[in-house]
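Participant: heads up, no residue letters with this:
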């Protein structure tokens, strides 16, 4: 980089604020290596570093009118902007990585013991059969139509030729009895 005095860079940025494209080109030529170097040290990735540097210089062009040489030097101003943009990119990349990791972990298949699962299903099936055997024939019929047949209470009433209220009562009583038999707590 050309060792331009700080005041000269300030002047170039002030002229840029007035829309002087040539001044911005000179400002870019004199500061780009340091800006890119700072970003590259933070991001490591060359392509991302170049992209962020481009964003920094676009922002510098657009916000040059806000530069105040009484508050600091132009080089400090642009390097601060570059540092902030690079940190923002790191944070965004980390957040994206964290989301991807969370989704990946969530989507991992959960290992389970197939034999134990099969035994547990059989045992539960047998418990339900024993409990169903303790229901009255009318209750057993209503439960079978509802849970194995997938019928609604209205459809059960129509199927059995009974009033809707009776179908509801049979199902409710059967469910209470099954809950008690199976030891299910609310």
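Facilitator: Now that the structure is in, tell me what you want to look at. Since we're looking at a predicted model, the values are computed, not measured.
Participant: which parts of this structure are helices?
Facilitator: In the chain, the segments counted as helices under DSSP state H are 6-17, 21-43, 46-63, 74-107, 114-133, 137-143, 153-160, 164-182.
Participant: could you dump those to JSON lines with mean pLDDT and mean neighbour count?
Facilitator: C-betas here are computed from N, CA, C, even on glycine. Putting the helices of the chain into JSON lines (pLDDT from 0 to 100; neighbours: other Cβ atoms under 10 Å) gives the following:
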{"stretch": "helix 6-17", "mean pLDDT": "94", "mean neighbour count": "18"}
{"stretch": "helix 21-43", "mean pLDDT": "96", "mean neighbour count": "17"}
{"stretch": "helix 46-63", "mean pLDDT": "96", "mean neighbour count": "16"}
{"stretch": "helix 74-107", "mean pLDDT": "89", "mean neighbour count": "14"}
{"stretch": "helix 114-133", "mean pLDDT": "86", "mean neighbour count": "11"}
{"stretch": "helix 137-143", "mean pLDDT": "92", "mean neighbour count": "18"}
{"stretch": "helix 153-160", "mean pLDDT": "93", "mean neighbour count": "16"}
{"stretch": "helix 164-182", "mean pLDDT": "92", "mean neighbour count": "16"}
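Participant: list the contacts of stretch 145-161.
Facilitator: Here stretch 145-161 makes contact (Cβ atoms under 8 Å, 6 or more residues apart in numbering) with 141, 142, 163, 164, 166, 167, 168, 171.
Participant: dump these to JSON lines, plus distance to residue 20.
Facilitator: Formatted as JSON lines, these follow (distance: Cβ to Cβ, whole Å):
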{"residue": "141", "distance to residue 20": "91"}
{"residue": "142", "distance to residue 20": "87"}
{"residue": "163", "distance to residue 20": "91"}
{"residue": "164", "distance to residue 20": "85"}
{"residue": "166", "distance to residue 20": "91"}
{"residue": "167", "distance to residue 20": "86"}
{"residue": "168", "distance to residue 20": "84"}
{"residue": "171", "distance to residue 20": "84"}
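Participant: ok, of these, which one's closest to residue 41?
Facilitator: residue 171 (71.2 Å; Cβ to Cβ).
Participant: would you mind measuring from the closest residue to the closest one other than its chain neighbours to residue 50?
Facilitator: Excluding the flanking residues, the one nearest residue 171 by Cβ to Cβ, 6 or more residues apart in numbering is residue 142, at 5.1 Å. Here the criterion is Cβ to Cβ, to the nearest Å. By it, residue 142 lies 72 Å from residue 50.
Participant: measure the most centrally placed residue in the chain to residue 106 for me?
Facilitator: Centroid check for the chain by Cα atoms, centre = their mean gives residue 99 as the closest residue, at 5.3 Å. Counting by Cβ to Cβ, the gap from residue 99 to residue 106 is 11 Å.
Participant: was I right about residue 57 contacting residue 29?
Facilitator: No - with contact defined as Cβ atoms under 8 Å, residue 57 does not count as touching residue 29 (11.0 Å).
Participant: done for today, thanks.
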